[in-house]
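Colleague: Have a look at this prediction, sequence included:
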Amino acid sequence: MRKDAPATGGTGRSGASPARSTRFYAAVSIAAALATVGLKAGAYVLTGSVGLLSDAAESSANLVAAIGAFWALSAAARPPDEEHAYGHTKAEFFSSALEGALVLAAAAFIAATAVGRLFEPQPLENVGAGLVVSLVAAVLNGVVGLVLLRAGGRLRSAALRADGRHLLTDVWTTAGVVAGVLLVGWTGWLFLDPLIALVVAANIVWVGLRILNEAAHGLLDTALPPEDLRVVEAVISRYRESGIEFHALRTRSAGARRFVSMHVLVPGSWSVRRGHDLSEDLEREVVEELPMTTVFVHLEPLEDESSFRDQGLDRPDLEEPPPGS
């Protein structure tokens, strides 16, 4: 049994951690959020636009979320211990849930402010200067958002992916707000400013719900995505060709780490050493194909009918019969 395997029997093997720390990207996100909040708050002060205020409110939520992501990623990087034998990588999903909740709170604030401004329109000032400041903030958000999305995909980080999506959404938010403020300046229709803010709020709600949905799936131990499962099945199929059987394949992910467990059925006449060597080879091949994976293998005798009735299934009709029965 390997050191990081739980004391429930079987063998376990884990892939190595990624070389680049996710906390570096979280720190970049914090710096970008500080800059954009300052820029957008300045744009609001210059113009008095509630649309630009809504843009600044969304970025403020992103700043708090980025700080939460940095904490979560720091916790997720901690190695397994006696109380957390499977590691701490699920902390990332708490960060995503926090970001989703903050996004929804920002949307509620924006909507409340915009409704009040609909009934009491106010003229805008220094529109040109305010829009230039907002566009600078949008470019910064776009660059950092793309960096975070790519890093989140490469490092399998839910927190970085959520932050990246939020920043890119913020870019579209700014674009919509800028368009609305320009229309107000050209037409003099003051109601367009709060109307654009309400559209922004609706879009933010959609993004927040998507982020919360991903966090919920992570916390509920959703199986690995189909592309990862195909990799595991490809490894298993190579062993089936030599007469080895498999069942009870279970997978899940926790942040950047994957977990795969399976029952491997081999001839009962095999020695312990032969079965152990097979398990080691199988685990190594899965980890080579899917880095950052912990694999647990449970060996069983192929001839024993009870080997086909220990899959932990609640429905007897789903149990597999032994071959040839």
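Modeller: Thanks, I have the structure now. Residues are numbered from 1 along each chain as shown.

Colleague: In contact with the most centrally placed residue in the chain, which residues?
Modeller: By Cα atoms, centre = their mean, the chain has its centre lying nearest to A158, at 1.9 Å. The contact partners of A158, by Cβ atoms under 8 Å, 6 or more residues apart in numbering, come to E92, F93, S95, S96, G152, E214, A215, G218, G255. (Glycine included, C-beta is placed from N, CA and C.)

Colleague: residues of the helix or strand harbouring the first one that come out buried?
Modeller: E92 is part of helix 91-119 when elements are defined by DSSP states H and E. Within helix 91-119, the residues that qualify as buried by neighbour count (16 or more other Cβ atoms under 10 Å) are 91-104, 106-107, 109-111, 113-114, 117.

Colleague: Tell me the one among the contacts of A158 nearest to P80.
Modeller: Of all those, P80 sits closest to G255, with 12.9 Å by Cβ to Cβ.

Colleague: In this protein, where is pLDDT below threshold?
Modeller: 1-20, 85, 255-256, 304, 306-308, 310-325 (pLDDT under 70).

Colleague: what packs against the helix holding E92?
Modeller: helix 50-76, helix 158-187, helix 192-219 (3 or more Cβ pairs under 8 Å, 6 or more residues apart in numbering; DSSP states H and E).

Colleague: Which of the ones you listed has the highest mean neighbour count?
Modeller: Of the helices and strands packed on helix 91-119, the one with the most neighbours on average (mean count of other Cβ atoms under 10 Å) is helix 50-76, at a mean of 25.

Colleague: Which strands or helices does it pack on?
Modeller: helix 22-47, helix 91-119, helix 127-155, helix 158-187, helix 192-219.

Colleague: Apply 6 Å and report the result again.
Modeller: Using 3 or more Cβ pairs under 6 Å, 6 or more residues apart in numbering; DSSP states H and E as the contact test, the elements touching helix 50-76 are helix 22-47, helix 91-119, helix 158-187, helix 192-219.

Colleague: hmm, back to that, next, the angle from the helix holding E92 to helix 192-219.
Modeller: Taking axes from the mean of the first three to the mean of the last three Cα atoms, to 10 degrees, one finds helix 91-119 and helix 192-219 inclined to each other by 160 degrees.

Colleague: ok now helix 91-119, how far from the chain's centre?
Modeller: Counting by Cα atoms, centre = their mean, to the nearest Å, helix 91-119 is centred 19 Å from the centre of its parent chain.

Colleague: And stretch 158-165, by the same measure?
Modeller: The answer for stretch 158-165 is 6 Å, by Cα atoms, centre = their mean.

Colleague: Dump that stretch to CSV, keeping only the CA atoms.
Modeller: The C-alpha coordinates for stretch 158-165 follow below in CSV (Å, rounded to 0.1, in the frame of the first residue of the first chain):
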residue,chain,number,x,y,z
ALA,A,158,-11.9,25.0,-10.7
ALA,A,159,-11.0,28.2,-8.9
LEU,A,160,-8.9,29.6,-11.7
ARG,A,161,-11.4,28.6,-14.3
ALA,A,162,-14.2,30.3,-12.4
ASP,A,163,-12.1,33.5,-11.9
GLY,A,164,-11.1,33.5,-15.6
ARG,A,165,-14.7,33.1,-16.8
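
Colleague: OK, contacts around W186?
Modeller: W186 makes contact with no residue, according to Cβ atoms under 6 Å, 6 or more residues apart in numbering.

Colleague: Please report how far it lies from A179.
Modeller: Distance, W186 to A179, using Cβ to Cβ, to the nearest Å: 11 Å.

Colleague: same thing with I110?
Modeller: Using Cβ to Cβ, I110 is found at 16 Å from A179.

Colleague: for A77, same thing?
Modeller: In this view, A77 and A179 are 41 Å apart by Cβ to Cβ.

Colleague: what does stretch 102-113 contact?
Modeller: Residues from elsewhere that reach stretch 102-113 (Cβ under 6 Å, 6+ apart): 50, 54, 57-58, 61, 64-65, 197, 201, 204-205, 207-208.

Colleague: go on, stretch 44-51?
Modeller: For stretch 44-51, using Cβ under 6 Å, 6+ apart, the contacting residues are 52-53, 56, 113-114, 117, 122, 124-127, 129-130, 177, 180-181, 193-194, 196-197.

Colleague: which of the residues in it are buried?
Modeller: For stretch 44-51, a neighbour-count test (16+ other Cβ under 10 Å) marks Y44, L46, T47, G48, S49, V50, G51 as buried.

Colleague: ok, how many other residues are close to A129?
Modeller: Per other Cβ atoms under 10 Å, the neighbour tally for A129 reads 13.
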